[in-house]
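S.K.: what shape does this take:
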Amino acid sequence: MDPKDIVRRGYDALSYRYRGDAEAPAQYATWLAQLQKRVAGGGAVLDLGCGCGVPLARDLAASGYQVTGVDLSAVQIERARQLVPAASFLHADATQVRFPPSAFDAVVSLYALIHMPLDEQPALLGRIGRWLRPGGWLLATTGDRAWTGTEDGWLGGEASMWWSHADAATYRAWIEQAGLAVVGQEVVPEGDGAHALFWARRPLDRPQ
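M.R.: The predicted structure is shown next:
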C-alpha cells in the first residue's frame, strides 16, 4: 500500500482515539502561547496536518486569528469543520497543496511532517518559506533521529500507521535551505523516543 494511504486510512479509522473533541494537551498550550507572542492577533496562520482542529486551530481561531487547516484525512477534516467553524479547512495532501507567496504570518506543522515521504519534505519546507510573509514564523515538530517504518495495531486499534523522518540536524539544514533562520530548537520527549521542535523565521529583508 502507498505510505500516504496508510497514513490517511489510519487517521480516518482512529481519529477519535488519537484526539478527543475537547482535549487540551499541555505542550500545545505552551507552544500556542509562544506563537501568540510572536504573531499579532488577527494574523493568518496555516496549520499543515491540522487533524481534527483541536487544540491548535480551535484556540487560535478563538483568539481571532485567521486559520487555514490542511489534512490528508477526510474524517479529521470533517471533524475540524464541525469543531472549529470559524476556521477554513482543506482536505488535501500537504505536499501537493499550493498557496500564494507571502500568504501567511505563521505556518505550524505539529507531528505531520513525520508522516510524509522523506523525499518530499525538503521541497515542502521550501514552499513554506515562500508562503511566509517577511518576518513570518514557522513552528514545526520533526524527527529527532532518522527512522522510517510502519506500526500495525496503531493506538491499540486495527489500523496501521507509517512514519518517515530524518534526524534533527538534517531538518535544521532543510529549514535553513528554505531561507528561514532557526531561532529555537529543542527536544520533545515522547515515550522511548523524541521529536525535535523548531522555531524559524523568514528574514524581514529576504526577497521574494
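
S.K.: every contact and neighbour count from this point should use C-alpha atoms.
M.R.: Fine.

S.K.: got the contact list for Val187?
M.R.: Residues counted as contacts of Val187 (Cα atoms under 8 Å, 6 or more residues apart in numbering) are 144, 194-197.

S.K.: in ChimeraX, select just the buried ones from those residues.
M.R.: Selection of buried members from these for ChimeraX, criterion 16 or more other Cα atoms under 10 Å:
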select :144,195,196,197
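
S.K.: which one of the contacts of Val187 is nearest to Arg8?
M.R.: Distance to Arg8 across the contacts of Val187 (Cα to Cα) is lowest for His195, with 21.2 Å.

S.K.: the closest one is in contact with Ala146, isn't it?
M.R.: No - applying Cα atoms under 8 Å, one finds His195 not in contact with Ala146, separated by 10.4 Å.

S.K.: re earlier: how about JSON lines for the contacts of Val187, with pLDDT, distance to Ala168 and secondary structure added?
M.R.: Listed next are these as JSON lines, based on pLDDT from 0 to 100; distance: Cα to Cα, whole Å; DSSP: H, G, I helix; E, B strand; the rest coil:
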{"residue": "Asp144", "pLDDT": "98", "distance to Ala168": "5", "secondary structure": "coil"}
{"residue": "Ala194", "pLDDT": "96", "distance to Ala168": "10", "secondary structure": "strand"}
{"residue": "His195", "pLDDT": "97", "distance to Ala168": "8", "secondary structure": "strand"}
{"residue": "Ala196", "pLDDT": "98", "distance to Ala168": "6", "secondary structure": "strand"}
{"residue": "Leu197", "pLDDT": "98", "distance to Ala168": "9", "secondary structure": "strand"}
